[in-house]
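In: What follows is a predicted protein model with its sequence.
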Number of protein chains: 4
Amino acid sequence: MPRLVIHRLSMAHPGDVSALAALLDSGALAARTIRAVIGKTEGNGGLNDFTRGYFTQSLMHLLSRATGEAPESLVARIPCVLSGGTEGVLSPHFMVFAAEPGGGAEGLAIGTAFGPPVAPGDVGNDAQIARVAAATRAAMADAGIEDPARVALVQVKSPAGGPGLLLRSVAGGAMGAAFALGDVPAGAARGAALLKDLTLFSSRVSASAGVEVVRDEVVVLGTAPGWAPGLSMAVRPMADALDLAAIQSAFRAVGLPADPDVPSAQRPRIRAVLAKGEPDRGLTVRGQRHTMLGDTDLDAQRHLRAALGAVIASVAGDGRVFVSGGAAHQGPPGGGLIAVIAASS
Amino acid sequence: MPRLVIHRLSMAHPGDVSALAALLDSGALAARTIRAVIGKTEGNGGLNDFTRGYFTQSLMHLLSRATGEAPESLVARIPCVLSGGTEGVLSPHFMVFAAEPGGGAEGLAIGTAFGPPVAPGDVGNDAQIARVAAATRAAMADAGIEDPARVALVQVKSPAGGPGLLLRSVAGGAMGAAFALGDVPAGAARGAALLKDLTLFSSRVSASAGVEVVRDEVVVLGTAPGWAPGLSMAVRPMADALDLAAIQSAFRAVGLPADPDVPSAQRPRIRAVLAKGEPDRGLTVRGQRHTMLGDTDLDAQRHLRAALGAVIASVAGDGRVFVSGGAAHQGPPGGGLIAVIAASS
Amino acid sequence: MPRLVIHRLSMAHPGDVSALAALLDSGALAARTIRAVIGKTEGNGGLNDFTRGYFTQSLMHLLSRATGEAPESLVARIPCVLSGGTEGVLSPHFMVFAAEPGGGAEGLAIGTAFGPPVAPGDVGNDAQIARVAAATRAAMADAGIEDPARVALVQVKSPAGGPGLLLRSVAGGAMGAAFALGDVPAGAARGAALLKDLTLFSSRVSASAGVEVVRDEVVVLGTAPGWAPGLSMAVRPMADALDLAAIQSAFRAVGLPADPDVPSAQRPRIRAVLAKGEPDRGLTVRGQRHTMLGDTDLDAQRHLRAALGAVIASVAGDGRVFVSGGAAHQGPPGGGLIAVIAASS
Amino acid sequence: MPRLVIHRLSMAHPGDVSALAALLDSGALAARTIRAVIGKTEGNGGLNDFTRGYFTQSLMHLLSRATGEAPESLVARIPCVLSGGTEGVLSPHFMVFAAEPGGGAEGLAIGTAFGPPVAPGDVGNDAQIARVAAATRAAMADAGIEDPARVALVQVKSPAGGPGLLLRSVAGGAMGAAFALGDVPAGAARGAALLKDLTLFSSRVSASAGVEVVRDEVVVLGTAPGWAPGLSMAVRPMADALDLAAIQSAFRAVGLPADPDVPSAQRPRIRAVLAKGEPDRGLTVRGQRHTMLGDTDLDAQRHLRAALGAVIASVAGDGRVFVSGGAAHQGPPGGGLIAVIAASS
């Protein structure tokens, strides 16, 4: 029976996996127990962000040395979901999710699944939605979660699809997972609705896309029988990029005081902070004009990550926040969602 | 006897002063009472940010039509302190400070002063420090403030000085005002200490620099006899860019609940939110590495404004925050300061 | 009878019209003879490029002082076509086109026209094509050009239309002028073809769009009876962004040696260099992959202007090149066009 | 006896070494003959350009599989000199320099050398100059070149040194090699002169710096006895970024017609095009103001590479140009140098 363990590690640059190497070398972590990696690298988060591929290559070479398994094999069974862009106070880091021996009546569980290889351009459509929905169900089964209500968060990573398709691919991945959870009805979860009908969303889905993956990758986190207790997870929708109350609520729900921020003595209990958000398409936030969507020099999602990431970090008291832009169908329109995982006190 | 009135106005683009024109046309504001303008325009905040010059030209033409006074004369007597850069959720806006007839025992006062024309490159040195210190004293006298302890904030704008001198000019302006307030001792306030000895600072000085001004411009805000009551102002140092507690403290000090944010019913009482901050030169925030100072594509101050501005806006519940980077000698190193002005309830 | 005179002037910043003020003050140029201004300002060339509006405001205020006519009136009769972006070796400058007394049998002529005010979003469609076609015919008539074959170049500036519409507006303006010249047949010049059917183009049309204009503005240059001789103009299509031979051909066609560049003694004869180009959508230039269209940090048109502008400047021996991106329907796909005007030797 | 062979290869992204893998797999190239790699990756060319480290890691893993030698060993004996930034028409590519069996009376030779590991910050000073000078001499000896006059080009790569030191490190590497060649006298080649006395330069040195290297790496190309004929190399100084005549001269010197560009039938003979340049610090090019050094949004070297790279590519007829910014002490001030290698016809 398994016990979910999460290591939150820093990196000096996108090819630096020395913190993980040290854990493996010391015996504190066994490479074969690693189920997924979720991280934030210091690229620009866009089509030409190669920090994600660089990190993935470095990670898989390290794990290959530790396990004797070929990198090509590892990359096809361990999801490595990276979001580029550590604007503002955000700090490059990665979280290693391992299923160690142990177990209990019920606890936070992880499940993963990969879709089939994706042909270039085959994203942002009905096919991607179906592929990701199937992978989400497979990941739930892998975790031992039968009831979608017990899923806390689905993390999706899809191929970028090519120039002009990046945000469509994010949206397609989100819609597929939202449909699998029952948060969006079957008839509505269609390619034609992507990036258009923003009333269709799940506040439990976080999706991204990148050139460094060639298949849809899904990580499911939720409560399942047989897993050891010890980790708490909470997810909250955010109404907009200034939703300080929702952020505090997520931290408090896992037992962390946030008044206004998590006290330094409690911060080591934080295992993961994950968020999605995006610039409001109405071009205003709480009635005041923002300029994120019309800046020729600075990508809108870079604007957003810097802003939303800092608000969350100001509550966490820590810049290691996985915040990703392009939140269509992930949380309320113009807003997003936040997830916090903490060790029980 | 005067009464300080502050109008906080939005703009559709950097040349848009229509909100002020409407106030003047309606008679709600008399152009001759305007003493200073402080605003945030949507440029990049750097050497080639021309949104500030565009706004200044538009403003002075409007005031010229309203008063019959030449733009060249107006620009030499009404400080127009602009900070470029509305990254993230920040919203372009400007605050018009007017001294209307009225008065009382004691209240928030404004005073302004201009230094002499500055030769190119004559910034970031002893001469600038002396010039700005003298202008600060003149602005205090103009406001009727004798005791430096009664000064809440000195806002300084200096010429940019040329390529490579921008941050030195900001530092020199800050040091000059800090010296005039007595927050930095005379012997220490020297050009050689600029950008080097960051233990020298005032938490009541906000400085910036730009190509659109040719003389040092100073605005002093503080408490003086004879001015009408009705406005409260609080200033707080921030220890770092995540100092949520200090931000809430500033809002609460002017009587605005901030739990965690200012409730929507109270937000109309906000007259001005001004802040300074900068990327920590130790390359970490609370022990975690940040990437602001090594990004070839995105200016460090743009990173900072997006992050710090969002944290402040999340408490104010409003993106109209004047936040400016380059905070050397303005608040603690790696941190900065925040000022809030609100109408009494 | 008129004589076309072109003054090519430098500027120290986007609000600097002092070079023109000096010409007006000295009597070398009479303000009432000015027919159009075409220039290059140092913004980013995108939706949030306010350097164009700033220059236009500065220009119209100067001309208002010189003529006594209101700025609002001047801006509605003198086209001010600006392209933002002086990447690389490009140098900010503007060209003042004046029709002075004089005349002759036949010479280079200028004509201008304005369309009606454009509702937001009403660009990139059949309506814009019709509006610009009509304005082009009006400008031809204004110049005294009956035969479209005698038109050398049509310069179009249209409103930006709003977020996401900028390049559609450029395309619509180009198609309208191309149709008026007969370079694109009537049935083909439709909104549905914009940015799609790139086989539809004119190599005599240069279009741009910006937030600073509210009506379509058209300037026609060509040969007409009654105008004085003395200026030569040549226009050439460019096959791609490396078409050095076409560039040299344009210079040689107006009598300037270009072997490989215009000798310094001949450079003062250059009156205007105007070009259009864009990143090849096939993602290659001469078979080698380019990265212009997938760069999250650097706008594709900024890439293009830096590259193409430098190639042209290396032949001209001078960075004062009006080069504008977004060349759909202007010259061959992946290429563009170049126009040179020079004083006869 | 050796024969220098150069393969110029394209890449689909910075981790793509498949073109080299194909050469190795086919037997067309033996991995053990590879002496150096010089390439251009599609990053931003600055401190946070990780495309260079990504490529290096990918390359060394490939060579490790082909040779059985550890990547750590390969990276310490095969220089991999990468310049980030393929702005404009530039195309990502890399050149593999191999010394195959063969030989002759005299021909183009290659030699390489590595300096000792460099402590952080130990660049841009006398120590780096001495280190690089020693490595240059060692590389000359490795190539079999005794007379410095027979050196065509020294390519240097040094560690970046940390924030604010990048351009100092480039300058230090250049000065060290220039001193070793005798192009700068011993007394003048000092840390104090770096980036200051630009009259000290060599037109045969191309230097760069990056976070991905930890030691100074030097590649020398020149004529030496015993090497096979078959490759011609020419190097020319460029007076400024528009020096079209110098560029054509370099191509013609290796027997390639350039009138104005290399005809398509001759282009396959090109083996390498390498250049250095930088924005003129006088803020003008041929008397006209440029804006490269005051752009907050776009790095000056990105401006420069886009511009200069396009001018060179327009002559080569090919975007595969290794052009690198930061040319202090490399060619005349405000200019730079260009090197061309071609197969004999």
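Out: Nice, thanks for sending it over. In this text, all values refer to a predicted model and were calculated from it rather than measured experimentally.
In: hang on, isn't A:M1 packed against A:G103?
Out: Yes: using C-beta atoms under 8 Å, A:M1 is in contact with A:G103, at 2.3 Å. Using the backbone N, CA and C atoms, a C-beta is placed for each residue, glycine as well.
In: Could you check which of these two is surrounded by more residues?
Out: A:G103 (16 against 13; other C-beta atoms under 10 Å in any protein chain shown).
In: what residues are up against that one?
Out: Neighbour list for A:G103: A:M1, A:P2, A:R3, A:G226, A:W227, A:A228 [criterion: C-beta atoms under 8 Å, 6 or more residues apart in numbering or on different chains].
In: Now for A:M1 and A:G103: what residues contact both?
Out: Contact criterion C-beta under 8 Å, 6+ apart; residues shared by A:M1 and A:G103: A:G226, A:W227, A:A228.
In: The nearest residue to A:R77 once chain neighbours are set aside: neighbour count?
Out: In this structure, A:R77 finds its nearest non-sequential neighbour in A:F114, 7.2 Å apart by C-beta to C-beta, 6 or more residues apart in numbering or on different chains. The number of residues packed near A:F114 is 19, by other C-beta under 10 Å.
In: Quick check: the gap between A:F114 and chain C.
Out: In this structure, A:F114 and chain C are 26 Å apart, going by C-beta to the nearest C-beta, to the nearest Å.
In: what helices or strands is the host helix or strand of that residue leaning on?
Out: Per DSSP states H and E: A:F114 is located in strand A:106-117. Packed against strand A:106-117 by the contact rule (3 or more C-beta pairs under 8 Å, 6 or more residues apart in numbering or on different chains; DSSP states H and E) you find strand A:2-10, strand A:34-41, helix A:126-143, strand A:215-225, strand A:231-238.
In: buried residues in stretch A:254-273?
Out: Using 16 or more other C-beta atoms under 10 Å in any protein chain shown as the test for burial, stretch A:254-273 gives A:254, A:256, A:258, A:260-262, A:266-267, A:269-273.
In: repeat for stretch A:69-79
Out: A:E69, A:P71, A:L74, A:V75, A:I78, A:P79.
In: If you average the pLDDT over it, what comes out?
Out: What stretch A:69-79 shows for mean pLDDT is 97.
In: what's the straight distance from one end of that stretch to the other?
Out: Start and end residues of stretch A:69-79 are separated by 15 Å (C-alpha to C-alpha, to the nearest Å).
In: And for stretch A:321-328?
Out: OK, stretch A:321-328 end separation, C-alpha to C-alpha: 20 Å.
In: Stretch A:117-135 too?
Out: From its first residue to its last, stretch A:117-135 covers 12 Å (C-alpha to C-alpha).
In: Ok, stretch A:157-176 next?
Out: 11 Å.
In: re the thing from before, direction included, what does the strand holding A:F114 pair up with?
Out: strand A:215-225 (antiparallel) (DSSP bridges).
In: what about the nearest residue to A:A127 once chain neighbours are set aside, neighbour count?
Out: Once flanking residues are discounted, A:A127 sits nearest to A:G191: 7.9 Å by C-beta to C-beta, 6+ apart. Look at A:G191: counted by other C-beta under 10 Å, it has 17 neighbours.
In: try A:M11
Out: 23.
In: Any figure for the gap between the nearest residue to it once chain neighbours are set aside and chain C?
Out: Spatial nearest neighbour of A:M11, chain neighbours left out: A:P92 (5.2 Å); criterion: C-beta to C-beta, 6+ apart. Per C-beta to the nearest C-beta, A:P92 is found 17 Å from chain C.
In: Same check on A:G334?
Out: Counting by C-beta to the nearest C-beta, the gap from A:G334 to chain C is 15 Å.
In: what about that residue, which SS state?
Out: Recorded secondary structure, A:G334: coil (DSSP: H, G, I helix; E, B strand; the rest coil).
In: okay, it: pLDDT?
Out: We have a pLDDT of 91 for A:G334.
In: Quick check: it touching A:L283?
Out: No: the pair A:G334 / A:L283 is not scored as a contact, 10.1 Å apart, by C-beta under 8 Å.
In: These two: which has the busier surroundings?
Out: Ranked by neighbour count (other C-beta under 10 Å), A:G334 and A:L283 place A:G334 first, with 20 against 15.
In: what sits against the closest residue to that one other than its chain neighbours?
Out: Distances taken as C-beta to C-beta, 6+ apart place A:D280 nearest to A:G334, at 3.6 Å, with adjacent residues excluded. Shown in contact with A:D280 (C-beta under 8 Å, 6+ apart): A:D240, A:A241, A:H290, A:P333, A:G334.
In: Give me the phi and psi for the second one.
Out: By that I understand A:A241. When read as degrees, to the nearest 10, the backbone of A:A241 gives phi -80, psi 0.
In: Not counting sequence-adjacent ones, nearest residue to it?
Out: A:L308 (4.8 Å).
In: sorry, back to before: what about the residue nearest to A:M11, neighbour count?
Out: Counted with other C-beta under 10 Å, A:P92 comes out at 27.
In: next one: A:R252
Out: A:R252: 17 neighbours (other C-beta under 10 Å).
In: where exactly do the strands run in chain A?
Out: A:2-10, A:34-41, A:80-84, A:93-101, A:106-117, A:151-159, A:205-210, A:215-225, A:231-238, A:270-277, A:284-285, A:288-289, A:322-324, A:336-343 (DSSP state E).
In: if we look at the fourth one, which residues are touching it?
Out: Okay, so that is strand A:93-101. By C-beta under 8 Å, 6+ apart, the residues outside strand A:93-101 that reach it are A:1-11, A:20, A:23, A:29-30, A:33-40, A:55, A:82, A:110, A:219, A:271-272, A:320, A:322, B:288.
In: Show me what counts as buried in it.
Out: Quick answer for strand A:93-101 (16+ other C-beta under 10 Å): A:H93, A:F94, A:M95, A:V96, A:F97, A:A98, A:A99.
In: same check, this time on the longest one
Out: Judged by neighbour count using 16+ other C-beta under 10 Å, the buried positions of strand A:106-117 are A:G107, A:L108, A:A109, A:I110, A:G111, A:T112, A:A113, A:F114, A:G115.
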